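[1] structure here, sequence nowhere to be found:
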């Protein structure tokens with residue numbers, strides 16, 4: 001890890017150390033050969049590292065900084081989706097396991113939702129990949145703004161997303177997710193002087209005293225609920241528990257958004 005000191009100070013310290021070492025080596029060699037210490041040789045032992053050390057040190061420091069930045073970028077690429085700003089599938093599942101184990105240990109509630117952008121292929125076909133990317137980016141922004149900091153958000157596929165809502169029962173999850181569904185439905189994405197309107201389908205399952213399953217089963221439940229939502233006309237929420245479409249009347253939401 002790069003020391004948290006200025007580059008100038010780092011160069012100065014290394015240069016000073018280099019000069020001291022150079023002087024000591026020079027004196028040692030001169031004593032061995034019995035040539036005695038003369039001012040010219042001693043001056044060279046000071047001037048040489050004073051000239052060489054700063055440039056070499058600067059190069060090394062810049063190289064270390066660049067390596068550090070590249071490592072940081074690689075970690076970000078491995079954790080976050082660059083288009084939506086959400087966790088990538090692997091990172092999402094890893095963090096989901098930690099939250100699920102915490103909920104299980106504390107006997108607390110946890111809801112998991114799968115979200116799919118409706119007719120995304122048609123959006124790509126009609127507006128091109130630029131239009132599709134704009135929709136994905138917009139959805140990521142809206143999702144991050146709408147959810148709590150404690151919620152876990154991930155992009156697990158092309159147009160498929162997942163959310164883990166800690167300490168949230170089915171009713172609370174549906175209310176939060178319905179706000180997202182309604183928000184997306186009433187917003188447009190502008191691309192190349194064209195407005196794209198789209199909707200999402202959502203499936204949700206809850207880990208509670210009546211549904212003591214493991215994380216893999218909870219994921220499967222929310223995925224099945226999403227499948228039912230897509231087959232129920234899309235643009236809706238289906239909860240796994242009852243396997244039915246559950247929508248809060250839109251007029252109730254307009255005063256809350």
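    Arrived safely, thanks for sending. For clarity, every value in this text was computed on a predicted model and none was experimentally measured.

[2] strands of the chain, start to end?
    87-88, 110-117, 152-155, 160-166, 188-191, 194-197, 200-207, 237-239, 244-245 (DSSP state E).

[3] save these as a markdown table, and put in mean neighbour count too.
    (Each C-beta comes from the backbone N, C-alpha and C, glycine too.) Converted to a markdown table, these look like this (neighbours: other CB atoms under 10 Å):
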| stretch | mean neighbour count |
| --- | --- |
| strand 87-88 | 20 |
| strand 110-117 | 25 |
| strand 152-155 | 22 |
| strand 160-166 | 23 |
| strand 188-191 | 14 |
| strand 194-197 | 12 |
| strand 200-207 | 26 |
| strand 237-239 | 27 |
| strand 244-245 | 12 |
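
[4] closest one to residue 226 among those?
    Of all the strands of the chain, it is strand 200-207 that lies closest to residue 226, at 3.1 Å by CB to CB.

[5] that closest one pairs with which strands, parallel or anti?
    In the sheet, strand 200-207 lines up against strand 110-117 (antiparallel), strand 237-239 (parallel) (DSSP bridges).

[6] any chance of those strands in CSV, plus distance to residue 208?
    Formatted as CSV, these follow (distance: least, CB to CB, whole Å):
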stretch, distance to residue 208
strand 110-117, 8
strand 237-239, 12
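
[7] format the strands of the chain as TSV; extra columns: distance to residue 99.
    Listed next are the strands of the chain as TSV, based on distance: least, CB to CB, whole Å:
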stretch	distance to residue 99
strand 87-88	12
strand 110-117	7
strand 152-155	6
strand 160-166	5
strand 188-191	31
strand 194-197	33
strand 200-207	10
strand 237-239	20
strand 244-245	27
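
[8] rank the ones you listed by pLDDT, which is bottom?
    Lowest mean pLDDT within the strands of the chain: strand 244-245, at a mean of 62.

[9] list the contacts of the residue nearest in space to the middle of the chain.
    Residue closest to the average C-alpha location in the chain (CA atoms, centre = their mean): residue 80, at 3.0 Å. With CB atoms under 8 Å, 6 or more residues apart in numbering as the criterion, the residues that contact residue 80 are 86, 87, 88, 91.

[10] out of these, which comes closest to residue 114?
    Nearest to residue 114 out of the contacts of residue 80 is residue 86 (CB to CB; 13.5 Å).

[11] tell me the confidence at that closest one?
    For residue 86, pLDDT reads 93.

[12] same check on residue 70?
    At residue 70, the model reports a pLDDT of 63.

[13] now stretch 161-181: buried residues?
    Buried residues in stretch 161-181, counting neighbours by 16 or more other CB atoms under 10 Å, are found at 161-166, 168, 170, 173-181.

[14] same deal with stretch 83-101?
    Those buried within stretch 83-101 under the rule 16+ other CB under 10 Å are 84, 86, 87, 88, 91, 92, 93, 96, 99, 100.

[15] could you dump the contacts of residue 80 to JSON lines with distance to residue 218?
    Below are the contacts of residue 80 laid out as JSON lines (distance: CB to CB, whole Å):
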{"residue": "86", "distance to residue 218": "19"}
{"residue": "87", "distance to residue 218": "17"}
{"residue": "88", "distance to residue 218": "20"}
{"residue": "91", "distance to residue 218": "18"}
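
[16] and which of those is nearest to residue 118?
    Nearest to residue 118 among these, counting by CB to CB, is residue 86 at 18.4 Å.

[17] hang on, the closest one packs against residue 161?
    Yes: when contacts are counted by CB atoms under 8 Å, residue 86 is listed as touching residue 161 (6.9 Å).

[18] so what sits against both of those two?
    143, 153, 154, 155.

[19] nothing else from me, thank you.
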